[in-house]
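Asks: Dropping a prediction and its sequence here:
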Amino acid sequence: MGYVTNNLMPDERVIHVGKIHWFIFVSGALMFVAASGLFMMDSEGDMTQILGVILLVLAITDLIKAFIFKISTELAITSKRVIAKVGFISRSTVELSHRKIESFNVDQSIYGRIFGFGTIVVCGTGGGKTPIPNIDDPLEFRRQAMKVADEADMQK
């Protein structure tokens, strides 16, 4: 939580930390298994081996990309804002004050419902919509954010 902890305002504390779900590794893992299967096939043709190498390179690339996304993403709900930071070399951040948030929408696919991940869309005042994809347990993240936002409204 380097970015979040380094950018906290005075009297601000972290309430909840969101995580990226492990499902982002599934496509790379499936390609890796398929490539391994192609290498184990007992065929005379070089085409199977070439296809296996191509699939293996794609699998490794996809797994590295997912790993970098997972370690370089920080999601946090603080006592004053919702913070999302994505990126390793280039960085994209979203920091919305609880007073500027109108709603949180949760989008989950069938796999997302089964495995417990989804995309949270933070709708800010003025019509801005900020999607935060692949969050582990998005309903809990939304619940924590709404709880803190409600507490901030009650303190006004």
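Replies: All right, it came through fine.
Asks: C-terminal to the longest helix belonging to the chain, what's the next element?
Replies: With secondary structure taken from DSSP state H, the chain has its longest helix at helix 46-71. Using DSSP states H and E, the helix or strand that directly follows helix 46-71 along the chain is strand 74-78.
Asks: tell me the helices in this structure, going along the chain?
Replies: Using DSSP H, helices in the chain cover 2-6, 26-40, 46-71, 110-115, 138-154.
Asks: before we move on, back to that, where's the longest helix of the chain relative to the chain centroid, distance-wise?
Replies: 21 Å (Cα atoms, centre = their mean, to the nearest Å).
Asks: for that helix, which positions count as buried?
Replies: 51-52, 55-56, 58-59, 62-63, 66, 69 (16 or more other Cβ atoms under 10 Å). (Each C-beta comes from the backbone N, C-alpha and C, glycine too.)
Asks: Also stretch 111-124?
Replies: So, applying 16+ other Cβ under 10 Å, buried residues of stretch 111-124: 112, 116-122, 124.
Asks: Please apply the same query to stretch 15-30.
Replies: So for stretch 15-30, counting by 16+ other Cβ under 10 Å, buried means 15-16, 18, 20-21, 23-25, 28.
Asks: Tell me which of the helices of the chain sits nearest to A84.
Replies: In terms of Cβ to Cβ, the element of the helices of the chain nearest to A84 is helix 2-6, at 9.5 Å.
Asks: Now do the closest one: distance to the chain's middle.
Replies: With Cα atoms, centre = their mean, you get 17 Å for helix 2-6.
Asks: which other helices and strands contact it?
Replies: Packing partners of helix 2-6 (3 or more Cβ pairs under 8 Å, 6 or more residues apart in numbering; DSSP states H and E): strand 14-18, strand 74-78, strand 81-86.
Asks: Compile those into JSON lines and extend it with columns for mean pLDDT.
Replies: Output for these, formatted as JSON lines (pLDDT from 0 to 100):
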{"stretch": "strand 14-18", "mean pLDDT": "94"}
{"stretch": "strand 74-78", "mean pLDDT": "94"}
{"stretch": "strand 81-86", "mean pLDDT": "91"}
